[in-house]
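Participant: mind looking at a prediction? Sequence and model below.
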Amino acid sequence: MAINPIQILKLKDTLNAFRNRHPGFTHFVGAIRNKGLPEGSVLDVTITTPDGKSMATNFRVTPEDIALIRMLADLKQ
């Protein structure tokens, strides 16, 4: 699969806009990156819709998850 440079530029612009809209989330992710996310950590995610309904899930971090996070972080550089 070839990487389209134009799609990468669009992704970068979209990611920067997301960061500007949600600076708290960006700081949270930065803290995880700085402190590390050890294998075996459990991530809990809850989404609450505007009408008040919630959906939740969690998962235990695996070595493969950590490898993916590192790959995504390397894209930034």
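Facilitator: Done, it's in.

Participant: going forward, measure contacts between C-alpha atoms and count neighbours the same way
Facilitator: Will do.

Participant: can you tell me how far the residue sitting nearest the centre point of the chain is from Val42?
Facilitator: The centre of the chain sits closest to Val29, judged by CA atoms, centre = their mean, with a distance of 6.9 Å. Note on Val29: its distance to Val42, by CA to CA, to the nearest Å, is 15 Å.

Participant: do the same with Phe25
Facilitator: Using CA to CA, one obtains 18 Å as the distance from Phe25 to Val42.

Participant: please apply the same query to Asn34.
Facilitator: Separation of Asn34 from Val42 (CA to CA): 17 Å.

Participant: quickly find the element holding Leu43.
Facilitator: Per DSSP states H and E: Leu43 is located in strand 42-48.

Participant: list the buried residues of that strand.
Facilitator: Residues of strand 42-48 classed as buried: none (neighbour count, 16 or more other CA atoms under 10 Å).

Participant: that one pairs with which strands, and in what direction?
Facilitator: Strand 42-48 has the following strand partners under DSSP bridges: strand 54-60 (antiparallel).

Participant: ok, the closest residue to Thr57 other than its chain neighbours - contacts?
Facilitator: Nearest residue to Thr57 in three dimensions, chain neighbours excluded: Val45, at 5.4 Å (CA to CA, 6 or more residues apart in numbering). Applying CA atoms under 8 Å, 6 or more residues apart in numbering to Val45 gives the contacts 56-58.

Participant: swap in Thr62?
Facilitator: Going by CA under 8 Å, 6+ apart, Thr62 touches 39-40.

Participant: the protein: helices as residue ranges?
Facilitator: For the chain, applying DSSP state H gives helices covering 5-21, 23-35, 63-76.

Participant: separation between the residue lying farthest from the centre of the chain and Thr57?
Facilitator: No residue in the chain sits farther from the centre than Asp51, which is 25.1 Å out by CA atoms, centre = their mean. In this structure, Asp51 lies at 19 Å from Thr57, with CA to CA as the measure.

Participant: distance of the residue nearest to Thr57 relative to Asn58?
Facilitator: 6 Å.
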